[in-house]
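>>> Sequence first, predicted coordinates after that:
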Amino acid sequence: MTPATLLATGFGAQLAAEQKSAEVTDWAARIGWVVGLALFVALVYWLMREGWKWRGTLQGDLPELPSAPDDPGPARLSMSGRYHGSTTAGQWLDRIVAHGLGTRSRVELTLTDAGLDVVRPGATDFFVPAAQLREARLDKGIAGKVLTEGGLLVVTWAHGDRLIDSGFRSDHAAEHNEWVDVINSMINTNSTEGAER
């Protein structure tokens, strides 16, 4: 053998020695990690659910929600959209979950002279009598939902001894301004008539 052949053979043997076979996947470790992660996610979900139930218990003093009268009168305004939740008035992160008020859903809103009818498929419907309406405004957020400035219709109403902000978003956001104007006009009219009596 020539020195060149020896050198090439030695170099090839060295390369072969340096190459290692691919590591075998450790399935037991992978399965352990997946099971551990699944248990962690389940624990977090359970803690969130218990927190939601605890919040509902703390808000147990909230009276039952009123339902719409049999004949609320003709509709002044109606709107289809989404209900994003209710909070304590002026505290946009203090979500109210009692009586299903924390459940997001589709919504059909109807404003009549009798009040605001909130119909929510798959969730609890409720009615806000006109005398309980306090304010309507445009806002950008309510517990868990933040939109562009003015993207949310927030209606403030009295229920029991609490003031509640409920957030709605129309399928056609341009309708929000009309809702604010009409609701606030109704409130002003009702308060003026009440003061004259």
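Perfect, I can see it now.

>>> Over the lengthiest strand in the chain, what's the mean pLDDT, rounded is fine.
Using DSSP state E, we find that the single longest strand of the chain is strand 75-88. For strand 75-88, mean pLDDT is 91.

>>> Could you pull out the buried residues of that strand?
Buried residues in strand 75-88, defined by neighbour count with 16 or more other Cβ atoms under 10 Å: 79, 81-88. Backbone N, C-alpha and C define where each C-beta goes, glycine included.

>>> Name the nearest of these relative to Gly144.
Within those, the smallest distance to Gly144 is 6.5 Å, found for Gly85 (Cβ to Cβ).

>>> who's in contact with the longest strand of the chain?
93-96, 101-113, 118, 120, 123, 142-145, 152, 162-171, 175, 178-179, 182, 186 (Cβ atoms under 8 Å, 6 or more residues apart in numbering).

>>> So what are the sheet partners of that strand and their directions?
Using DSSP bridges, the strands paired with strand 75-88 in its sheet are strand 95-96 (antiparallel), strand 105-112 (antiparallel), strand 162-170 (antiparallel).

>>> now those in JSON lines, with distance to Pro63?
As requested, the strands paired with strand 75-88 are exported to JSON lines (distance: least, Cβ to Cβ, whole Å):
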{"stretch": "strand 95-96", "distance to Pro63": "12"}
{"stretch": "strand 105-112", "distance to Pro63": "21"}
{"stretch": "strand 162-170", "distance to Pro63": "9"}
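
>>> now those strands as JSON lines including mean neighbour count, distance to Thr25 and mean pLDDT?
Below are the strands paired with strand 75-88 laid out as JSON lines (neighbours: other Cβ atoms under 10 Å; distance: least, Cβ to Cβ, whole Å; pLDDT from 0 to 100):
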{"stretch": "strand 95-96", "mean neighbour count": "20", "distance to Thr25": "45", "mean pLDDT": "86"}
{"stretch": "strand 105-112", "mean neighbour count": "19", "distance to Thr25": "46", "mean pLDDT": "94"}
{"stretch": "strand 162-170", "mean neighbour count": "21", "distance to Thr25": "48", "mean pLDDT": "91"}
